[in-house]
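A.B. asks: Could you work out the structure for the sequence below:
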Amino acid sequence: MKPVLALLVCCLVAVSGQGPDPSICDPNPTNPGPPLPELPPTFQVRVEANIVEKNYTVVQHEFYDYPNNRGALMSYGNGTRRHEVYDYGTLEKFTIFDNGTCKTSNMSTSRFNFFSYHMEHGHAHINKAGFILHFGADFNETYNGTATIRGIPVNHWYSCMHNATWNSTYKLDFYFSVPGYRTASGQDQIPVRAEIRGKRLTFDPQTRGPSDTYKSIHHIYDFQGFHSRTGHRDLSWAYQTEGLVCPGRVNTKPVPTTPQQFYAEVEMVNEKNHTVHYMTEYFDYNAKLFRIDFHPTSNKSKSWSFGTVQHQAVHDYNSGLEYLMSYNPENCSIRPISNFSLEAAIDSNDHTKVHMKTSYKLFHFDDKDFTYEGVSRVRDIMTDVWVSREVNYDLPADSKYSTDFLYQWYFSADNWTTTTSQTMNQSQVPVRLRMKGSWKKNDASTQKESEFVFNMFNYDSGPQYLYRFDISMCFKEPGMKEAVFFQLPGVYNNLVQGDKYRFYYGVQDAVAKAAGVHPLRVTSVWHTPTNGSLWVGATLLAHPDVKGDSVEMKPQKPLDAAFKDFKKRVDANTMVIKFTPNPSRGQEVYLTALPGTLETNKDFFTFISQRNQPSNTYQPGTVAGIALGTVLLGGVIGAGVGWFLWRYRLQDVPYGTQT
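C.D. replies: Numbers count the residues shown, from 1 in each chain. Purely as a prediction, here's the structure:
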């Protein structure tokens, strides 16, 4: 199916004013008539074309935008549709077919381009409307009086054209509504019809030029709904290939840079099952920690979950372990991190182990096939869109599964900013991911279709804090934890009291270094002032008797060895806390634990009651409701974020407690 006005333009290119057939038309104007109508720089119109000599009719919807250097065409004929998008920035034409495929063509080498173009200062630009339609003073228009077309009073002009190479002669008639006639769009003097009659030599495939045989041409083009109004409706969709991969397309904008720490609240919409689920995600590549809060999606998850209650999964790549917890009721199971976990990838050197993906890989941006599609409005936010098709992406080598999905990422445009309680003026933040495709369990199974939309809210690329990854609920039994209490010089009482949460972060880090463990194994940090020295406490956690499976694993000390090393540092006067208060309160200071003050073998409440002092404690239960000014943390979105729930179903063993 050829574009309709393409047939008109194709007939009229490379014209000359000499040698026309006088039986068809006279090229010499004799009556210029009233002033010629001006075609607007932006318009859309629906055209019905009757190709009389070939006995068929087609319809096309044209979108023309000279100021923004773009054009688009939607053609309908013989029960099919074709959408053409013209990108003059790269001189590419994208043809979208009914079956969802897309073809990329280079306009500089294509035989025909509907809107045509010219070069300005070394850059391609769409031609003006008069040149495209062959109407205007440059074409020696002759006025032929008034007429009535489809009941509309019109002014009639015609031009006569000749092509010496093909010895062709054409008469092109144009009809515009008369001035003052009230049109549907409210615009004056709009095109109503164009008609072309003539003859030309046919094409000889042997010589690739004209033959000795003539053919007649007769086309009638009826223009309907012509208007040039802008702003009342977003027409960006017409000039885009959103949701389609066009092979060979030039990528005009790289994918955004992704931070290594971030947080987001995610709405997962399953369009096939008509379900909506919510989750909260945290990602910290630097600390090698990941957390996701979610509700299991179906009864199929009973083998590895605690029912339909809220779940929290923490993946610690420093130990290679996953902690799956629920708080109401309290449950915890510990197991090696599954290679089906969202942020996990099988290590290329040791297929029995996993490693944590970078955020770049988490978003699938390591796939070099992502190409920029343009802009789109999502939730009233202007976004940049990238698309890629991924076949069997990131599946284990021995997996029987097969997948074929289209990924569309929507990031806020460069000139948009977002602000959370922690991070100001973020740009290029993820707003939506759309996934659509098919998958099979194995070659013998039935292929299934899936379509997901992931909406990201409250995205924050600010720093992470360890209390969001708290795993102390998994260490309730005596012997699985050790409380430690020590003193600091009282001269810093006021400084600590005014900025205690920054102080707690420093304590957590210092205790972990002194004990030789990861800070995740230090929890429930607290302090309480006395009349003299400052008492500080924390709890050391044991390492579970479960073998991890990540390549990032570090040697893990038993609890008794960690406590002994910590005690040695305190007694040797080398347990130093680096405290960086808010800059408005003072400079960085170093606080050294007083030798000989370490106490243990007591619970927190007994210790406090003996001193009859108010306490301040840093643990998840108390911190959660406190506005810190730096509360929101980083997390993970990643391409295929909702696959976390789906991929758990791929596990070969039940999800049971192993502690």
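
A.B. asks: Now do the helices in the stretch 51-200 of the chain.
C.D. replies: For the stretch 51-200 of the chain, the helices defined by DSSP state H, counting those that start in this stretch cover 129-133.

A.B. asks: Equivalent analysis for the chain, please.
C.D. replies: Along the chain, counting by DSSP state H, helices occupy 4-12, 129-133, 359-362, 493-498, 500-515, 559-571, 604-611, 620-623, 643-648.

A.B. asks: Could you pull up the mean pLDDT of the last one?
C.D. replies: The average pLDDT for helix 643-648 rounds to 45.

A.B. asks: Any regions of this protein where pLDDT drops low?
C.D. replies: 1-18, 230-234, 298-303, 529-531, 584-586, 601-659 (pLDDT under 70).

A.B. asks: By residue count, what's the longest strand in it?
C.D. replies: Ordering each strand of the chain by length in residues (DSSP state E) puts strand 209-227 first.

A.B. asks: Mind giving me the packing neighbours of that one?
C.D. replies: helix 4-12, strand 42-51, strand 191-204 (3 or more Cβ pairs under 8 Å, 6 or more residues apart in numbering; DSSP states H and E). Any C-beta I mention is one placed from the backbone N, CA and C, and that applies to glycine too.

A.B. asks: Make JSON lines from these and add distance to Lys567 and mean neighbour count to it.
C.D. replies: Formatted as JSON lines, the helices and strands packed on strand 209-227 follow (distance: least, Cβ to Cβ, whole Å; neighbours: other Cβ atoms under 10 Å):
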{"stretch": "helix 4-12", "distance to Lys567": "85", "mean neighbour count": "20"}
{"stretch": "strand 42-51", "distance to Lys567": "78", "mean neighbour count": "19"}
{"stretch": "strand 191-204", "distance to Lys567": "91", "mean neighbour count": "19"}
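
A.B. asks: ok, Asp443 - how many residues close by?
C.D. replies: 7 (other Cβ atoms under 10 Å).

A.B. asks: Val52 contacts His219, doesn't it?
C.D. replies: Yes: counting by Cβ atoms under 8 Å, His219 is a contact partner of Val52 at 6.7 Å.

A.B. asks: returning to that earlier point: going by neighbour count, which residues of the longest strand of the chain are buried?
C.D. replies: Pro210, Ile217, His219, Ile220, Tyr221, Asp222, Phe223, Phe226, His227 (16 or more other Cβ atoms under 10 Å).

A.B. asks: Report the beta-bridge partners for the first one.
C.D. replies: Beta-bridge partners of Pro210, counted by DSSP bridges, are Phe203.

A.B. asks: ok, it touching Thr165?
C.D. replies: Yes: under the criterion of Cβ under 8 Å, Pro210 makes contact with Thr165 at 6.6 Å.

A.B. asks: From the rest of the structure, what touches stretch 242-255?
C.D. replies: Stretch 242-255 has contacts (Cβ atoms under 8 Å, 6 or more residues apart in numbering) with 89-90, 92, 94, 96, 100-104, 363, 365, 369-374, 376, 384-389, 406, 408-409, 434, 436.

A.B. asks: 7 Å instead, please
C.D. replies: 89-90, 92, 94, 96, 100, 102, 104, 365, 370-373, 376, 384-389, 406, 408 (Cβ atoms under 7 Å, 6 or more residues apart in numbering).

A.B. asks: Which parts of the stretch 1-150 of the chain are strands?
C.D. replies: In the stretch 1-150 of the chain, the segments counted as strands under DSSP state E, counting those that start in this stretch are 42-51, 56-65, 70-77, 80-87, 92-97, 102-106, 117-120, 123-126, 142-149.

A.B. asks: Can you say which of those strands is packed in most?
C.D. replies: For the strands of the stretch 1-150 of the chain, the largest average neighbour count (mean count of other Cβ atoms under 10 Å) is found in strand 70-77, namely a mean of 22.

A.B. asks: Return the list of strands paired to that one, each annotated with direction.
C.D. replies: Paired neighbours of strand 70-77 in the sheet (DSSP bridges): strand 56-65 (antiparallel), strand 80-87 (antiparallel).

A.B. asks: Now do the strands in the stretch 151-300 of the chain.
C.D. replies: Under DSSP E, counting those that start in this stretch, the stretch 151-300 of the chain gives strands at 152-163, 168-177, 191-204, 209-227, 261-270, 275-284, 289-294.

A.B. asks: could you redo these as CSV and give each row distance to Ser450?
C.D. replies: Converted to CSV, the strands of the stretch 151-300 of the chain look like this (distance: least, Cβ to Cβ, whole Å):
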stretch, distance to Ser450
strand 152-163, 51
strand 168-177, 51
strand 191-204, 46
strand 209-227, 38
strand 261-270, 8
strand 275-284, 12
strand 289-294, 18
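
A.B. asks: Find the nearest non-adjacent residue to Met356, please.
C.D. replies: Tyr317 (4.6 Å; Cβ to Cβ, 6 or more residues apart in numbering).

A.B. asks: what's the spacing between that neighbour and Glu53?
C.D. replies: Distance of Tyr317 to Glu53, given as Cβ to Cβ, to the nearest Å: 71 Å.

A.B. asks: same question, Lys128
C.D. replies: Using Cβ to Cβ, we find Lys128 at a distance of 29 Å from Glu53.

A.B. asks: between those two, which one's more packed in?
C.D. replies: Remark: of Lys128 and Glu53, Lys128 carries more neighbours, 17 against 11, as counted by other Cβ under 10 Å.

A.B. asks: my read: the more buried one touches Asp65, true?
C.D. replies: No: the pair Lys128 / Asp65 is not scored as a contact, 11.9 Å apart, by Cβ atoms under 7 Å.

A.B. asks: wait, Asp188 sits on Pro179?
C.D. replies: Yes: Asp188 is within contact range of Pro179, at 5.9 Å (criterion: Cβ under 7 Å).

A.B. asks: Common neighbours of those two, please.
C.D. replies: Between them, Asp188 and Pro179 share no contacting residue under Cβ under 7 Å, 6+ apart.

A.B. asks: Looking at these two, which is more packed in?
C.D. replies: More crowded of Asp188 and Pro179, by other Cβ under 10 Å: Asp188, with 14 against 11.

A.B. asks: State the phi and psi torsions of that one.
C.D. replies: phi -100, psi 150 (degrees, to the nearest 10).

A.B. asks: circling back to that earlier point, would a markdown table of the strands paired with strand 70-77 with distance to Gly122 be doable?
C.D. replies: Converted to a markdown table, those look like this (distance: least, Cβ to Cβ, whole Å):
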| stretch | distance to Gly122 |
| --- | --- |
| strand 56-65 | 21 |
| strand 80-87 | 17 |
